[in-house]
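Below is the structure, and that's it, no one-letter string:
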């Protein structure tokens with residue numbers, strides 16, 4: 001009996017060791033597993049913040065790759081990330097090559113960010129795992145917000161796209177009736193007086209309509225992509241008188257020198273079709289954007305109207321001076 005008891009005690013020791021190992025594994029699973037989950041959630045927050053912040057500045061018009069990447073890195077590191085990997089994708093989710101010219105790819109519609117962080121486990125290091133890595137990925141996509149594509153209340157004045165480029169510099173004043181801007185597109189100066197027929201040929205009394213549209217805004221709505229006929233007649237006095245009345249009735253502000261000024265919404269065109277005398281059709285322009293321009297009361301005459309670009313406008317919304325990303329955006333998250 002005594003010898004049998006000794007054999008049983010010898011079998012208890014391995015079972016005890018096995019039990020302790022299992023217990024240690026459970027403790028490791030609870031402690032290190034919980035820590036790993038917390039680190040994973042932390043990296044998800046870092047990736048989300050980095051993706052959102054970088055897409056937001058992209059929407060606002062930032063085109064420098066280094067700035068976008070630094071923004072993502074700053075936000076990810078502020079949330080505990082050690083390393084950050086940023087990838088540009090197009091609207092279809094296809095990965096775009098990393099830019100070599102320092103400029104964000106023109107067709108970049110989303111940004112994917114992977115954030116990683118190394119951490120020391122509590123128990124697993126006893127088994128040879130000195131460090132573990134938590135990683136998470138987030139993707140942010142900028143989608144156009146739902147909105148009408150037509151703009152109401154336009155004036156009949158319009159300018160080509162290069163007018164905006166020349167007149168968007170701070171402090172610039174450009175003549176809305178300067179034919180050289182249109183001439184750069186090959187438009188004969190005699191054919192374009194910076195006026196367009198917003199009614200598309202349906203207005204009966206153009207002189208009166210030009211004055212009315214200038215003073216009160218076109219009562220209908222004009223859509224981006226519309227092609228409208230240019231008005232080649234001499235309507236300088238009509239426009240000048242209506243502009244003065246508009247600004248006096250609804251001034252937007254007063255400059256430091258005491259001059260009253262007003263803002264006016266105009267179409268911006270990016271291509272034109274020459275007049276066809278055989279068919280009796282006037283020159284036409286293609287409407288690409290809408291812009292808001294500042295006009296001082298003292299800068300208006302029958303032959304000149306000096307204005308300065310304020311910002312692009314879209315129906316019901318304004319977006320600084322960003323020609324590409326004008327309009328509201330919806331930011332969508334996804335891995």
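Cool, the structure landed. Predicted, not measured: the structure shown is a model, and the values here were computed from it. Numbers count the residues shown, from 1 in each chain.

Residue 41: what's it in contact with?
Residues near residue 41 by C-beta atoms under 8 Å, 6 or more residues apart in numbering: none. Placement of C-beta: from N, CA and C, glycine included.

Against residue 117, how distant is it?
Using C-beta to C-beta, to the nearest Å, residue 41 is found at 11 Å from residue 117.

any weak-confidence spans in the stretch 201-335 of the chain?
The stretch 201-335 of the chain contains residues with pLDDT under 70 at 314-330, 334-335.

so where do the strands sit in it?
Using DSSP state E, counting those that start in this stretch, the strands of the stretch 201-335 of the chain run over 221-223, 227-231, 253-254, 260-273, 284-300, 305-314, 317-318, 329-334.

With the stretch 1-150 of the chain instead?
83-89, 110-119, 132-144, 150-152.

just those strands: most buried one?
Looking across those with neighbours counted as mean count of other C-beta atoms under 10 Å, the highest average goes to strand 110-119: a mean of 22.

Report all helices and strands that that one contacts.
Counting contacts by 3 or more C-beta pairs under 8 Å, 6 or more residues apart in numbering; DSSP states H and E, strand 110-119 packs against helix 2-59, helix 65-78, strand 83-89, strand 132-144.

contact partners of the second one?
By C-beta under 8 Å, 6+ apart, the list of residues contacting helix 65-78 from outside reads 46-47, 49-54, 57-58, 62, 84, 86, 99, 102-104, 111, 113, 115.

Buried ones among these?
Buried by 16 or more other C-beta atoms under 10 Å: 46-47, 49-54, 57-58, 62, 84, 86, 99, 104, 111, 113, 115, out of those.

How is the protein divided into domains?
By the assignment in automatic domain parsing, the chain contains the domains 2-147, 150-315.

Looking at the ones you listed, which is nearest to residue 332?
domain 2-147 (4.7 Å; C-beta to C-beta).

pLDDT on that closest one, on average?
Across domain 2-147, the average pLDDT comes to 81.

Tell me where the stretch 101-250 of the chain has helices.
Here the stretch 101-250 of the chain has its helices, by DSSP state H, counting those that start in this stretch, at 161-167, 180-183, 206-216, 236-249.

in the first one, what counts as buried?
Of the residues in helix 161-167, those buried by neighbour count under the rule 16+ other C-beta under 10 Å are 161, 163-164, 166-167.

hmm, who's touching it?
159, 172-174, 176, 181, 184-185, 268-270, 288-289, 291, 293, 307-309, 323.

swap the cut-off to 6 Å and go again
Here helix 161-167 makes contact (C-beta atoms under 6 Å, 6 or more residues apart in numbering) with 174, 181, 184, 268, 270, 308-309.

Buried subset of those as a PyMOL selection?
In PyMOL, a selection of the buried entries from those looks like this (16+ other C-beta under 10 Å):
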select buried, resi 174+181+268+308+309
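
how about the contacts of helix 161-167, which pair is most distant?
Farthest pair in the contacts of helix 161-167, by C-beta to C-beta: 270 and 308, 20.3 Å.

circling back to that earlier point, so which of the domains of the chain is nearest residue 333?
Closest among the domains of the chain, once you apply C-beta to C-beta, is domain 2-147, at 5.9 Å.
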